[in-house]
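Participant: Next come a sequence and a model predicted from it.
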Amino acid sequence: MTDPEETETETILRMRKTARSPEETGIVFELEKFFPYLVRVFYNDVTSALSAVYQRDYGMMPAEWRTMAILGTASGGLQATEIVSRSSMDKVVVSRAVKRMKERGYLIRETHSEDGRSFLLQLSSEGRAVYQDLAPKLLDVERRMLQGLSDAEIADFLTVAQRIRDNLAVEAGAEN
């Protein structure tokens, strides 16, 4: 039995939680209501808002900015593998970003003193200046993005996002 006050979205969500298969729900697949698709659209909107700043001001690509942000908050140099693990970017993407940043003079690559076969990456003085110019601008974009949301709403969103990630991690562990 359904609640007459229940919205279409609430009905679909309830049915998805209780049904075992699409056949049991009677729900027709609609991309525009498919959660993973909506997350992708959300991701694109957020990324576009941020990239509008670092692409406009410095012609940087998302991977370059993420690499710069990680190096900008590091107390010393980092190996590329550390950037990969902290950024959720693939090692090829990080490698290309590092190459472009080095060509532009934004980072320094030095031989690791403890392991002569690897390198430590850190922002050059020019890279540090770019980081210090961009970080406040991007924080302002974030502020505008979150405008009108309470701290509790933001905390709830982050909690839900983490629970979904935890569900996916459990599922991924079950597949291995």
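Facilitator: Sure thing, it's come through.
Participant: Could I get the full set of helices for this protein?
Facilitator: 8-18, 22-25, 35-58, 62-73, 80-87, 91-103, 125-145, 151-175 (DSSP state H).
Participant: So for residue 118, which of those sits nearest?
Facilitator: Minimum separation from residue 118 across those (C-beta to C-beta) falls at helix 80-87, 8.2 Å. Where C-beta positions appear, they are placed from N, C-alpha and C, glycine not excepted.
Participant: which strands and helices sit next to that closest one?
Facilitator: Where contact means 3 or more C-beta pairs under 8 Å, 6 or more residues apart in numbering; DSSP states H and E, helix 80-87 is packed against helix 62-73, helix 91-103, strand 119-123.
Participant: and the ones you listed, which is most packed in?
Facilitator: helix 62-73 (a mean of 21; mean count of other C-beta atoms under 10 Å).
Participant: list the helices and strands that helix packs on?
Facilitator: helix 35-58, helix 80-87, helix 91-103, strand 107-111, strand 119-123, helix 125-145.
Participant: Which of the ones you listed sits closest to residue 71?
Facilitator: Comparing the helices and strands packed on helix 62-73 by C-beta to C-beta, strand 119-123 comes nearest, at 5.0 Å.
Participant: Just the C-alphas of that closest one, formatted as PDB.
Facilitator: The C-alpha coordinates for strand 119-123 follow below in PDB (Å, rounded to 0.1, in the frame of the first residue of the first chain):
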ATOM      1  CA  PHE A 119      62.000  11.200  -7.500                       C
ATOM      2  CA  LEU A 120      60.400  13.700  -5.200                       C
ATOM      3  CA  LEU A 121      58.100  16.300  -6.700                       C
ATOM      4  CA  GLN A 122      57.500  19.700  -5.200                       C
ATOM      5  CA  LEU A 123      56.200  23.000  -6.400                       C
END
